[in-house]
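Trainee: Give me a model of this one.
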Amino acid sequence: MDQKLFRYDIVAEDPTTHARAGVLHTPHGDIETPIFMPVGTKATVKGVPWETVKELGAQIVLSNTYHLAMRPGADLIEEMGGLHDFMNWHGPILTDSGGFQVFSHGDAVKLTDDGVRFIATDYDGSHVFWTPEDNMAIAQKLGSDICMQLDQCPGYPATRKFVERAVELSSMWAERCYKAHTRPDQALFGIVQGGMHLDLRLRSLRHLEECGDFPGYGIGGYSVGEDHETMFETLAPLASEHMPRTKPRYLMGVGNPTTLVRGVACGIDMFDCVLPTRTGRMGSAFSSEGRLNFRNAKFARDPRPVDERCTCPVCTGGYSRAHIRHMITQKEMLGGILLSMHNIYYLLNLMKEARQAIIEGRYGAFVRDWMDSPAAADY
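Mentor: Here you go, the predicted structure:
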């Protein structure tokens, strides 16, 4: 990696929490943190054009290595000029390793020290074997600005022995990914695993620091079945007390507003999740009143926008709750698209407000006000 192309600058730290505001410099643009990253799993945010994603305030988006490797294939994307040109998004892109999706195949997965063998049951049923080196070759063909190491993400609950093995395997694979990754215009992030065991998390972090100079760290293995209070028992001390101060910290796969607010207070810089678009397609929205379910009959004659305090194009564009409920219940695709747009904007704007509160040294009050508001009832 070319160090000149990637740099993380901390511009402010909150005096009463561990929150910080920063700027992550990448070849395709700067990213102001804390930031939420909309997920374009298969090179598209479902139902939302890229120009709209940008207008909503997105600075960086995420795509899925497993799904892109299966269809249309990394070779084809490379032939088309790389992921930026292929998907027509010319800002920063982060690609995950695809490990979470691989391990979601359950009994069709076989693990060894060398790599992971799985059956692509969600595609053509082919038998696939990935080594960390294979995974890095795919990532480098895709050409994202940031890629993630191949890791094993244990679910919850899991025995300590199982989680310990996942840490061991992820650590070995991190070292091999670091050695195999050679693309200078792409940053490789390591991933801290360890389940709900702080000592295993610290063991994972120590190994990552020993095996290479990763420019940033993902925190994986959360939001995999545990409740949020259980997650924060280990996440809070890990992020606030033990992770390197000068490198970005990315909490993977977490996206409800309250967890973002609390995560920022712990020192998290980056978040991603399919939640805003998935729940939008299912008919629900984040709001200053808490989570709203538009399948509820109480919205049938409601002339108000989704959220009267929101300035997104949906809430300011004349769409009423009654109209959106009608679209959702009649399975009109525009209803899910509009709620997806609103939810994406809501999280991006929340992180924008959080950043400003950090810069002004009032993030502690920001968290208290949020937790005392109806908006915190979001899950």
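
Trainee: Now do the same contact list for residue 69.
Mentor: Neighbouring residues of residue 69 by CB atoms under 8 Å, 6 or more residues apart in numbering: 98, 138. For the C-beta atoms, the positions are set from N, CA and C on the backbone; glycine is no exception.

Trainee: Report the mean confidence score over the helix or strand hosting it.
Mentor: Per DSSP states H and E: residue 69 is located in helix 65-70. Per-residue pLDDT values across helix 65-70 average out to 96.

Trainee: immediately after that helix, which helix or strand?
Mentor: helix 74-79.

Trainee: Would you work out how far apart the start and end of stretch 249-259 are?
Mentor: By CA to CA, to the nearest Å, the extent of stretch 249-259 from end to end equals 15 Å.

Trainee: Stretch 22-32 now?
Mentor: Termini of stretch 22-32 sit 6 Å apart (CA to CA).

Trainee: What residues sit buried inside that stretch?
Mentor: By neighbour count on 16 or more other CB atoms under 10 Å, the buried set for stretch 22-32 is 22, 24, 26-28, 31.

Trainee: swap in stretch 357-374?
Mentor: Quick answer for stretch 357-374 (16+ other CB under 10 Å): 357-358, 363, 366-367, 370.

Trainee: Looking at those, which is nearest residue 79?
Mentor: residue 358 (42.7 Å; CB to CB).

Trainee: which residues sit in contact with the closest one?
Mentor: If you count contacts by CB under 8 Å, 6+ apart, then residue 358 has 12-14, 19-21, 34, 264 around it.

Trainee: three-state assignment of it?
Mentor: The three-state assignment at residue 358 reads helix, by DSSP: H, G, I helix; E, B strand; the rest coil.

Trainee: Check the spacing between the closest residue to it other than its chain neighbours and residue 71 real quick.
Mentor: Distances taken as CB to CB, 6 or more residues apart in numbering put residue 21 closest to residue 358, at 4.3 Å, once the chain neighbours are dropped. Residue 21 sits 38 Å away from residue 71, going by CB to CB, to the nearest Å.

Trainee: distance of the residue nearest to residue 301 when sequence neighbours are not counted from residue 94?
Mentor: Once flanking residues are discounted, residue 301 sits nearest to residue 322: 5.7 Å by CB to CB, 6+ apart. Applying CB to CB, the value for residue 322 to residue 94 is 38 Å.

Trainee: Those two - which one has more neighbours?
Mentor: Set side by side, residue 322 and residue 94 show more neighbours around residue 94, with 25 against 15, by other CB atoms under 10 Å.

Trainee: Wait, a helix at that one?
Mentor: No: counting by three-state DSSP, residue 94 is not found in a helix; it is strand.

Trainee: hey, what's it bridged with?
Mentor: residue 62, residue 146 (DSSP bridges).
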